[in-house]
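J.: One predicted model, sequence on top.
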Amino acid sequence: MGVKDGYNPLKKEKIGHTKPILDLLPIPGQQILASSGLDAQICLWSLKDMEPKHVLEGHQLGVYSLDWYEEQHLLLSAGLDHDIFIWNPYVKKKIFLLKGHNHSLVGVKWLPNSNQIISADISGMFRIWDIRTFTTVQTFNCPLNEISCFAVTYPPKRIVAGGRRLVFYDYDEPTDHHLADDQATLCVLYNPVFYTLITAHPKCIKVWDACTGELQSVFRDISHSEITCICMDERKRKLFVGDQKGRLFSINIKNGAKMKKFKKSKRRKDHDKNDGGNPDKADISSLYYWGDKNILMASSWDRKVRLYDDSTADQQGSKRYTMKKHNDSVNYLDFNQKHQLCASCSDDCSVIIYNYGSYRQEGILKVPLDATYKESSEFKICKFLCPSDCLVTADIDGFLHFFAVTPSPRKNEHLCKVSNFNTSQVGTLVNYPIRAMDFDSAHNILYTGDEMGYIQRWDLTTLFDKLSDISKREAKSSYKKEPGLDERLDGVTTTFVTGVETKEAGKQKIEFATSDVELVYRWNAHTDTINYVTFVPELDILTSCSFDCNVYIW
């Protein structure tokens, strides 16, 4: 037993605390006791004779918490400074500094039998760090307004945060480390600002390093319901998230903190047979951010497309407009910013083109029935093929349908349909439905992913050449001619009478065919339905994700 006095200015050895001591930590196996206090000092004492050894200097403000990382023999400290200090107890200067918090820290803890340390600040922000790389692997926010302490248990792996009440977090460790997540990957986006890939899963959102493929952050419990879709803003700083209950909100891409909530989609009262009698069918199915107007567009299974205003800094986003044109669930939407056109496809077997500059409907796209297409099918995804005046959509029967859209002279006309035939496991030809697509405008290549896990590469050059030829002929025919003047245009005799053009029947009209769309290559990418593909032109890569819980870069 003994008592060790604090700092004594009369002694030659000026080692000790001048202000209250806040934490004590015995270092096992080294017979050392570490103490920290409000004087921003960390003092090391010998446990044999309680004599001072030396002082670790580096903190500018009080040190609240100490912990020992056994495997690497490192001392961790945190306090009123916003940073975590890492020390070698035999060296007086810090060896590394972990930055990331914006408020004073309440503590730092090492998770036993792991390479992870956990830190928390007074605002409730938790960070989990990989001590091998000194990088953040996960961040999350505690629902308490302010926390004063936290503890880590093992086993089980659990974090307990203390404030006005206790909040418990269990460590959700994946069973298979070779998968992106234990649950399906719904979406994968590339962020060129931070050079990361963002994947959405029903219960979390993950951020990955696009260069190394390492996991950087995991945002869990950001929604009470399962996540259904995500999209980024124009600056690539915010992430908009939609869930299964119609909720819509934005989070900070860096730390996962919620920034703004948007008005929730109301439940449908008029549920019919198509719903199966379910009044809660309000899932957010697709999101698109219109950067020029700071408008967020959302489609949902309650038959509506909504526009939300994101131009203000308010925490509650306002709804500006609701389109109620569909008769069934809206599955996907895409936007053409040049002409301010929005295309939404639905289970009512139609694609509605709407101009949000003039709030006017431009047309309803439907497939004409013929011998091979006897009954209309639900459309699951659509895409503007900019800069061409063309739109492609895929139905549940496995057909790709191409339409001309504004400002093409043949706007709203069905050009052609292409089947996605492939050989099944029993050797028969099967038309597999396509659920994902993206477009490489520089090479006129359309990438699609189907329900059997195959990715297709389609060349659309011939189709676009014909559309371009139609536009050029229309531009030439718009000039007024003298009465009775005949001329040959592209090998076709055209007579102009009093400024009105008449064409020989059947010779001027350009016909489209299935052969205009060429399947260049197909490969088996996943073992289950591909639900999202993203082409990144600046890196010349294609990313794909699937219900098999994998994300691949091609």
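T.: Perfect, thanks for sending it. Numbering: from 1, shown residues only.

J.: what does the helix or strand hosting residue 240 rub up against?
T.: Applying DSSP states H and E as the criterion places residue 240 in strand 238-243. Contact with strand 238-243 is made by 198, 200, 205, 222-233, 248-253, 259, 283-285, 287, 289, 296, 298, 300, as judged by C-beta atoms under 8 Å, 6 or more residues apart in numbering. Any C-beta I mention is one placed from the backbone N, CA and C, and that applies to glycine too.

J.: Can you list the strands that it pairs with?
T.: Strand partners for strand 238-243, identified by DSSP bridges, are recorded as strand 227-232 (antiparallel), strand 248-252 (antiparallel).

J.: out of the ones you listed, which comes closest to residue 109?
T.: Nearest of those to residue 109, taken as C-beta to C-beta: strand 248-252 at 24.5 Å.

J.: correct me, but residue 52 touches residue 45?
T.: Yes. Checked against C-beta atoms under 8 Å, the pair residue 52 and residue 45 is within contact range at 5.8 Å.

J.: More neighbours: those two, which one.
T.: residue 45 (21 against 16; other C-beta atoms under 10 Å).

J.: For the closest residue to that one other than its chain neighbours, grab the count of nearby residues.
T.: Setting aside the residues directly before and after it, residue 45 is nearest to residue 33 in space (C-beta to C-beta, 6 or more residues apart in numbering), at 4.5 Å. By other C-beta under 10 Å, 17 other residues sit near residue 33.

J.: and the helix or strand harbouring residue 33, how far out from the chain's middle?
T.: Using DSSP H and E, residue 33 sits in strand 32-37. Offset of strand 32-37 from its chain centre (C-alpha atoms, centre = their mean, to the nearest Å): 45 Å.

J.: Which residues does that strand contact?
T.: Contacts of strand 32-37 (C-beta under 8 Å, 6+ apart): 17-27, 42-47, 50, 53, 62-66, 75, 77, 79, 89.

J.: which ones among those are found in strands?
T.: In strands, defined here by DSSP state E, the members of the contacts of strand 32-37 are 21-27, 42-46, 53, 63-66, 75, 77, 79.

J.: and those, which are buried?
T.: Buried residues within these, counting neighbours by 16 or more other C-beta atoms under 10 Å: 21-23, 25, 27, 42-45, 63-66, 75, 77, 79.

J.: With respect to residue 339, which of those residues is nearest?
T.: residue 79 (56.9 Å).

J.: List the contacts of residue 54.
T.: 15, 44, 92.

J.: Where is pLDDT lowest across those residues?
T.: By pLDDT, residue 15 ranks lowest within the contacts of residue 54, coming in at 73.

J.: What sits closest to that residue if chain neighbours are left out?
T.: Leaving aside its sequence neighbours, residue 15 sits nearest to residue 52 (C-beta to C-beta, 6+ apart; 3.8 Å).

J.: Can you check what pLDDT the model gives the one you found?
T.: Looking at residue 52, its pLDDT stands at 87.

J.: The residue lying closest to residue 234 once chain neighbours are set aside - how many residues pack around it?
T.: Distances taken as C-beta to C-beta, 6+ apart put residue 291 closest to residue 234, at 3.0 Å, once the chain neighbours are dropped. Using other C-beta under 10 Å, residue 291 has 12 neighbouring residues.

J.: sorry, back to before: can I get the contacts of residue 54 in JSON lines including distance to residue 428?
T.: JSON lines is the format used below for these (distance: C-beta to C-beta, whole Å):
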{"residue": "15", "distance to residue 428": "84"}
{"residue": "44", "distance to residue 428": "76"}
{"residue": "92", "distance to residue 428": "75"}
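
J.: Which one of those is nearest to residue 517?
T.: Taking C-beta to C-beta as the measure, residue 517 sits nearest to residue 92 out of the contacts of residue 54, at 70.4 Å.

J.: which residues does that closest one contact?
T.: By C-beta under 8 Å, 6+ apart, the neighbours of residue 92 are 54, 55, 56, 57.
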